[in-house]
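sharing a model prediction with you, sequence too.
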Amino acid sequence: MTEPMRHVDIETMPREKLEALQSERLKWQVKRMYENVECFRNRMDEAGLSPKDIHGVEDLHKLPFSYKSDLRDYYPYGLFAVPLTDINRIHASSGTTGKRIVVGYTKKDLDNWADCLVRMLKAIGIDKSDVIHIAYGYGLFTGGLGVHCGAEKLGATVIPISTGNTSLQIQTLVDLKATVLCCTPSYALYLGEEIERQGLKDQICLKMGIFGAEPWTEEMRKQIEAKLGIKAYDIYGLSEIMGPGVGCECEAQAGMHVWEDHFIPEIIDPETCEVLPKGSVGELVFTTITKEGFPLIRYRTRDICQLNYEKCECGRTHVRMRKPQGRYDDMIIIRGVNVFPSQVEEVLLKVSEGNITPNYQIVVGRENNIDTLEVNVEMSEELFADDVKSIERIERTITENLRSMLGIGAKVNLVNPKSITRSEGKAVRVIDNRHLV
Ligand code: DLL
């Protein structure tokens, strides 16, 4: 018997019922973490709080935050809430500095994770007749195995190709007739360019893609959709909270539903740490209320985000998060000015008019003790064939717009199509060479 396509009741639960469920689960989680996780117990004691003070979600704001540095300080297993014998799988993430962080899942955690993915796959119309090509990295990164287990649980046909070897990827797409592509958006764009270049677009059967693990813009979505002839969906997640599937788009594509029966999101001011009013932009914070192995309370993601509590046109009641447009720790300080890669991207896409592509790299250096900012952006094939004057004019426009957006000067270089190195995983947007001088 085939399963019904529509989502299960939990996804459309009235918010009062959902909040009652969250309250019960939060109390359960706080109690067991207090008993089993030393770092959490110490922070509760320091704040003069006991699990009995937490009556429900209305008390969430009283609880202490947790941070990425905790995962390093208690490396490898110090934050686990169950003995290692109850841990079924380990994942790890390298991060940008220092030791890698290690996370663990019980059998139940793995089941819940796969269920979150099944919800998304069903919501966007994927079923067991689909062939899913998973080009996220397998191994310690959560992307490959995370999506894999959801796709298998749904009953679809899974191709666990992992990352790398672009020509094999394309050959496999053609031969095995995948209908769904899963990888980072920057790699999807690269695959699209290569497929176009090799004239193979009409030999692939892809109808949709599930892309995440890095910030990407609506403009990039349009380009991926056009190059691959598919519909592109956004998926969000982080190793500390689960992996891919913490938030996913539905058929309405109006934000990513956060599965609130498992995770409670909040938006806080990263400076004052106050919870911000609904609809504000700020730092996304998560509390895991069903995780057994590696639970976290009020985890500071550093992702810049916004939440929408209005009911979605798809009928789901779970809150929707906006596409994160970057991370507070992606911020670079150039000559004392705070610069986010997303601001640069916004300027580039505004002046794009088909002349430049979303492939860019920000290079920061230092000359005579002064920070320098260079923005390299690939021009389109059409512009490449055009005259030098148009190229110079576009470079000038971008420079002026960057100056008015950021308040500092930048050297803008339109570089040849496909000259910026592509990554099979997450795109590298910033190269900071200041440590070299
Ligand atoms: O990137 C998990 C994942 C795998 C998500 C596959 C989606 C698909 P981490 O390596 O721990 O985990 O990196 C998590 O990546 O805090 C965000 O800054 C960023 N990120 C993830 N998904 C998105 C997205 C995986 N859809 C960090 N949009 C997060 C923007 C994203 N940023």
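In hand now; what should we look at?

next, give phi and psi for residue 359.
In terms of degrees, to the nearest 10, the main-chain angles of residue 359 are phi -90, psi 110.

and the nearest residue to it once chain neighbours are set aside, helix, strand or coil?
Leaving aside its sequence neighbours, residue 359 sits nearest to residue 378 (Cβ to Cβ, 6 or more residues apart in numbering; 4.4 Å). The way it works is simple: take the backbone N, C-alpha and C, and place the C-beta from them, glycine included. Using DSSP: H, G, I helix; E, B strand; the rest coil, the structure places residue 378 in strand.

which residues touch residue 378?
Counting by Cβ atoms under 8 Å, 6 or more residues apart in numbering, residue 378 touches 356, 357, 359, 360, 414, 415, 416, 417, 418, 419, 420.

so the residue in the stretch 51-200 of the chain that the ligand sits nearest to: helix, strand or coil?
Of all residues in the stretch 51-200 of the chain, residue 143 sits closest to the ligand, at 3.5 Å by Cβ to the nearest ligand atom. Assigned with three-state DSSP, residue 143 falls in the helix class.

the residue of the chain found nearest the ligand: what's it in contact with?
Closest to the ligand within the chain is residue 212: 3.0 Å, counting by Cβ to the nearest ligand atom. Residue 212 makes contact with 184, 185, 234, 235, 236, 237, 244, according to Cβ under 8 Å, 6+ apart.

returning to that earlier point: skip the chain neighbours and tell me the closest residue to the residue of the stretch 51-200 of the chain closest to the ligand.
residue 136 (3.1 Å).

next, count neighbours for the one you found.
By other Cβ atoms under 10 Å, the residues close to residue 136 number 29.

so it sits right up against residue 183, yeah?
Yes: the pair residue 136 / residue 183 is scored as a contact, 5.8 Å apart, by Cβ atoms under 8 Å.

what do those two both touch?
Contacts common to residue 136 and residue 183, judged by Cβ under 8 Å, 6+ apart, are residue 163.

before we move on, the earlier item: take the contacts of residue 378 and lay them out in CSV including secondary structure, pLDDT and distance to the ligand.
Putting the contacts of residue 378 into CSV (DSSP: H, G, I helix; E, B strand; the rest coil; pLDDT from 0 to 100; distance: Cβ to the nearest ligand atom, whole Å) gives the following:
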residue, secondary structure, pLDDT, distance to the ligand
356, strand, 86, 22
357, strand, 83, 19
359, strand, 88, 17
360, strand, 92, 16
414, strand, 93, 26
415, strand, 94, 25
416, coil, 93, 28
417, coil, 91, 25
418, coil, 89, 24
419, coil, 92, 25
420, coil, 91, 20
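
tabulate those residues (CSV), appending neighbour count.
Below are the contacts of residue 378 laid out as CSV (neighbours: other Cβ atoms under 10 Å):
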residue, neighbour count
356, 24
357, 22
359, 25
360, 21
414, 21
415, 16
416, 10
417, 18
418, 16
419, 11
420, 18
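
tell me the one among those residues nearest to residue 427.
residue 359 (8.3 Å; Cβ to Cβ).

name all residues that make contact with the closest one.
By Cβ under 8 Å, 6+ apart, the neighbours of residue 359 are 186, 189, 377, 378, 418, 420, 422.

picking that back up, for the ligand, tell me which of the contacts of residue 212 show up nearby.
Contacts with the ligand within the contacts of residue 212, as defined by Cβ under 6 Å from any ligand atom: 234, 235, 236, 237, 244.

which of those fall in strands?
Residues of these located in strands (DSSP state E): 234, 235, 236, 237, 244.

most neighbours of all the residues you listed, which one?
Within these, residue 244 tops the neighbour count with 29 neighbours, counted by other Cβ under 10 Å.

OK, contacts around that one?
By Cβ under 8 Å, 6+ apart, the contact set of residue 244 is 117, 136, 142, 143, 146, 147, 212, 213, 235, 236, 237.

for it, give me the pLDDT.
The per-residue pLDDT reported for residue 244 equals 98.

residue 353 too?
At residue 353, pLDDT is 76.

so which of the contacts of residue 378 comes closest to residue 173?
Distances from residue 173 to the contacts of residue 378, taken by Cβ to Cβ, are shortest for residue 418, at 19.5 Å.

thinking again about what came up before, just give the closest residue to the residue of the chain closest to the ligand, not the sequence neighbours.
residue 235 (3.8 Å).

and the one you found, how far from residue 382?
32 Å (Cβ to Cβ, to the nearest Å).

residue 391 now?
11 Å.

neighbour count for the two, which is higher?
Counted by other Cβ under 10 Å, residue 391 and residue 382 do not tie: residue 391 has more neighbours, with 17 against 11.

am I right that that one sits in a helix?
Yes: the assignment for residue 391 by three-state DSSP puts it in a helix.

okay, helices next: where are they in the stretch 201-350 of the chain?
218-228, 341-350 (DSSP state H, counting those that start in this stretch).

can you tell me which of these the model trusts least?
Among the helices of the stretch 201-350 of the chain, helix 341-350 scores lowest, with a mean of 85.

still on that earlier bit, and the contacts of residue 378 as JSON lines, adding distance to residue 434?
JSON lines is the format used below for the contacts of residue 378 (distance: Cβ to Cβ, whole Å):
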{"residue": "356", "distance to residue 434": "26"}
{"residue": "357", "distance to residue 434": "27"}
{"residue": "359", "distance to residue 434": "23"}
{"residue": "360", "distance to residue 434": "19"}
{"residue": "414", "distance to residue 434": "24"}
{"residue": "415", "distance to residue 434": "22"}
{"residue": "416", "distance to residue 434": "26"}
{"residue": "417", "distance to residue 434": "29"}
{"residue": "418", "distance to residue 434": "28"}
{"residue": "419", "distance to residue 434": "23"}
{"residue": "420", "distance to residue 434": "20"}
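
can you tell me which of the residues you listed is closest to residue 56?
Distance from residue 56 was checked for each of the contacts of residue 378 by Cβ to Cβ. The minimum falls on residue 360, at 46.0 Å.

not counting sequence-adjacent ones, nearest residue to the closest one?
residue 377 (4.2 Å).
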